[in-house]
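*Asks:* Quick one, fold the following:
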Amino acid sequence: MTTKTHNTSLFDFDGRPPVYKALPISLQHVLAMIAGVITPPIIIAGVVGSTPQEKLLLIQVAVLASGLCTLFHLYGVWKFGARLPAIFGVGFAYVPTLIAVGGQFGIEGILGAQLIGGITMMVVGYFIQYIRHLFPPIVAGTVVLVIGLSLYDIAIRYMAGSGNVNAEGFGDPANWMVGIITLLAVLGASQFGRGVVRLSAIIVGILVGYAVALPMGMVDFGAVAEASWLSVPRFMPFELEFHSAAIVSMVVICVINSVQTIGDLSATSVAGMNRELKTRELTGGLLGNGLTTAVSALFAALPTSTFSQNVGIVAMTKVISRSVLAIAGIFMLLAGLSPKFSAIMTTIPYPVLGGATITVFGMITMTGIQLLIKDELSARNVTIVGLSLALALGISQVPAAIAQFPEMVRNVIGGAPIVVAAITSFVLNLVLPHRSLADERREREEIARADAEAAGQDPDAQPLPETDSRGRDGAEGSPQACR
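*Replies:* Model prediction:
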C-alpha cells in the first residue's frame, strides 16, 4: 500500500509548507504592500474633507478589502480569480483620478463611478483576448508614466506638512526635516539593506520618520484611544452618486489598470513559474479584479489592483506557494477587522508619508518608462508619447485653457491628466501608420539615392544618412538597423 506524501514545497503553487517556513516570506509580502494600501485612503480622505471617523473607516475597509481580494484571487470562484501567486489590494494607480473625481463630487461620486468602473473591468476581462492588441506597451507605458508624474505634487505637499497648501505650518523647515530623514531612511534600507530590510524599505522609512516626529509633537494618539478593537464594516456607509464626468474618468483608468494587471500577471507567471500566462488565468484575473472593485464600492473600499512590488518578491524568491501568500492575505483581513489598527495608521504625520511615498511615485514613473522602451523608439512612437505627455500635463497645469469648453468636457479632462494621456495615446496608436526604425532608415536611404541621382552622382557611392552612435532612428548601434 502506498502512502500519499504531503507537498510542503515553497516552490510549488499547491505546496503547503510548514508555518515556520512560510511566515517570514508572508511577512515580506505584508510589509511590501501595507504602505501602498493605507496611503491612498489617507490621501483621498484629505481631498474629500472626511471626518476623522470617516478617514479611519476608509483605511479599515481598504486593508480588509486587500486581504479578501488577495485570498479571492489565490483560490478563485468559478471563472473569477487569477489563481496565481499574486497580491491584490487598494493601489496607487487610481489616486490621480480619484483626487480629480473626489475634488468635484466627493467620496459619494468616487464610489458611484467606481461601481461602473468595476463592471467595465469585467467586460474588458471577458473580451480581453480580442482587444488586448489595442493596448500595446506604448499606450500602457504612456499612461503609467503620467500616473507617476501626476503624483509628485502630492508627495511634496505632504513633505511640506499637509495636503492643503493653506494649512497652518505648511512649509515649516521642521516638516521638511522629518520628510527628508524619512526619505533618507527609505533610500538607505533599499540600497544598503538586505533581505527583509530591503524588501520593506518603505516601512523602515516610516518607522524612522515616525520616531523622529514623535518627540516633536507631530503625532496625535487621540483617535487610537477612541477606536474599538473589533468592528465589521457595514454595507454602503456612503450613498453612491453617479456623475457622467466621474464615470468617464473612472472607466478610462479602470481599462488602463486592466492593461497594467496583464503586465503584472504575465511577470508573475514568467518570472515565478517559468511559463507564459494562460488565457484562463488572464481572464480570471481581470474578471476577479473587476468584481472586487465593484463590490468594494459598496463598502467604501477604493479600487483594487495588482501590487507590482509583490510581483518583484515572487520573481526574486521564486516562492509561489499559494499558502504563503494566503497567510499574508489572512493577516491583512484580520488587521482590517480592527479599527484600532486603522487608527494607528492615521497617526502617521504627513511629512513621514511624503518622504516615504515620493520614492514609490518615482518607481511608478520608471515603470512607465520601462514599458515604453519595450517598443522601439521610432518617430511614430516618440510622437505618440511626446504629444500625449504635452497635452495631458499642459492642460492639467493650465485649467483655464479649457474654461470655455462644455462642463462635461471640463469635468472629465480638466483635473485628470491620465484621461487625456490615455485617450490621446490610444487614438494616435490606432490612426498613425506603423513604421519601424528599419522602415525609417530605408526611407532615408531612398531619399538620399533620389537626391544623388538628381544631382547626376552615383547613388551607390553616397554615404548613409548620419545617425548617432546609440542607434536612435535606425543608427548603427540599433538592433533594428542591424537586421
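*Asks:* for the stretch 1-150 of the chain, what spans make up the helices?
*Replies:* 19-48, 52-75, 95-131, 137-160 (DSSP state H, counting those that start in this stretch).
*Asks:* who wins for proximity to Ala300 among the ones you listed?
*Replies:* Ala300 sits nearest to helix 52-75 of all those, at 5.3 Å, using Cβ to Cβ. From N, CA and C alone the C-beta is placed, and that goes for glycine too.
*Asks:* Can you tell me how far the closest residue to Ile131 other than its chain neighbours is from Ala390?
*Replies:* Excluding its sequence neighbours, the residue lying closest to Ile131 (Cβ to Cβ, 6 or more residues apart in numbering) is Val124, at 7.2 Å. Separation of Val124 from Ala390 (Cβ to Cβ, to the nearest Å): 28 Å.
*Asks:* So between these two, which is more surrounded?
*Replies:* A side-by-side neighbour count of Val124 and Ala390, using other Cβ atoms under 10 Å, places Val124 first with 25 against 13.
*Asks:* Thought Thr283 was touching that one, still the case?
*Replies:* No: using Cβ atoms under 8 Å, Val124 is not in contact with Thr283, being 9.9 Å away.
*Asks:* list the contacts for Ile10?
*Replies:* Just so we're on the same page, residue 10 is Leu rather than Ile. With contact set as Cβ atoms under 8 Å, 6 or more residues apart in numbering, Leu10 has these partners: 17, 21-22, 25, 319-321, 324.
*Asks:* Also Pro233?
*Replies:* Here Pro233 is in contact with 57, 60-61, 64, 299-300 (Cβ under 8 Å, 6+ apart).
*Asks:* Let me know the pLDDT of Asn297.
*Replies:* Careful, residue 297 is Ala; it's not Asn. Looking at Ala297, its pLDDT is 95.
*Asks:* Thought Gly109 was touching it, still the case?
*Replies:* No: under the criterion of Cβ under 8 Å, Ala297 makes no contact with Gly109, lying 11.2 Å away.
*Asks:* now the contacts of Pro233: which count as buried?
*Replies:* 57, 60-61, 64, 299-300 (16 or more other Cβ atoms under 10 Å).
*Asks:* Sketch out the low-pLDDT regions of the stretch 201-350 of the chain for me.
*Replies:* 308-309, 312-313, 316-317 (pLDDT under 70).
*Asks:* all strands for it, in order.
*Replies:* Per DSSP state E, counting those that start in this stretch, the stretch 201-350 of the chain carries strands over the ranges 304-306.
*Asks:* quick revisit: can you pick the most crowded of the contacts of Leu10?
*Replies:* Val324 (26 neighbours).
*Asks:* roughly how far apart are that residue and Glu446?
*Replies:* 58 Å.
*Asks:* Make JSON lines from the contacts of Pro233 and add distance to Ala93 to it.
*Replies:* Formatted as JSON lines, these follow (distance: Cβ to Cβ, whole Å):
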{"residue": "Leu57", "distance to Ala93": "22"}
{"residue": "Gln60", "distance to Ala93": "21"}
{"residue": "Val61", "distance to Ala93": "18"}
{"residue": "Leu64", "distance to Ala93": "20"}
{"residue": "Phe299", "distance to Ala93": "20"}
{"residue": "Ala300", "distance to Ala93": "19"}
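*Asks:* residues contacting the closest residue to Pro18 other than its chain neighbours?
*Replies:* Once flanking residues are discounted, Pro18 sits nearest to Thr8: 6.5 Å by Cβ to Cβ, 6+ apart. Contacts for Thr8 (Cβ under 8 Å, 6+ apart) come out as 15-18, 21.
*Asks:* Model confidence at Ala189, what's the number?
*Replies:* Value for Ala189, per-residue pLDDT: 86.
*Asks:* Let the chain start at 296 from now.
*Replies:* Shifting the count to begin at 296 puts that one at Ala484.
*Asks:* what helix or strand does it sit in?
*Replies:* helix 468-487 (DSSP states H and E).
*Asks:* Check which helices and strands that helix is in contact with.
*Replies:* helix 432-455, helix 491-494, helix 496-508, helix 645-667 (3 or more Cβ pairs under 8 Å, 6 or more residues apart in numbering; DSSP states H and E).
*Asks:* now do 6 Å
*Replies:* helix 496-508, helix 645-667 (3 or more Cβ pairs under 6 Å, 6 or more residues apart in numbering; DSSP states H and E).
*Asks:* buried sites along the helix or strand just after the longest one?
*Replies:* Helices and strands here follow DSSP H and E; after helix 645-667, the next one along the chain is helix 674-692. Residues of helix 674-692 classed as buried by neighbour count (16+ other Cβ under 10 Å): 675-676, 679-680, 682-684, 686-688, 690-691.
*Asks:* Over to stretch 728-735?
*Replies:* Quick answer for stretch 728-735 (16+ other Cβ under 10 Å): 731-735.
*Asks:* Spatially central, which residue of this structure would that be?
*Replies:* In the chain, the centroid-proximal residue (Cα atoms, centre = their mean) is Ala388; its distance is 3.4 Å.
*Asks:* Isn't it up against Ser553?
*Replies:* No: assessed by Cβ atoms under 6 Å, Ala388 is found out of contact with Ser553, at 10.7 Å.
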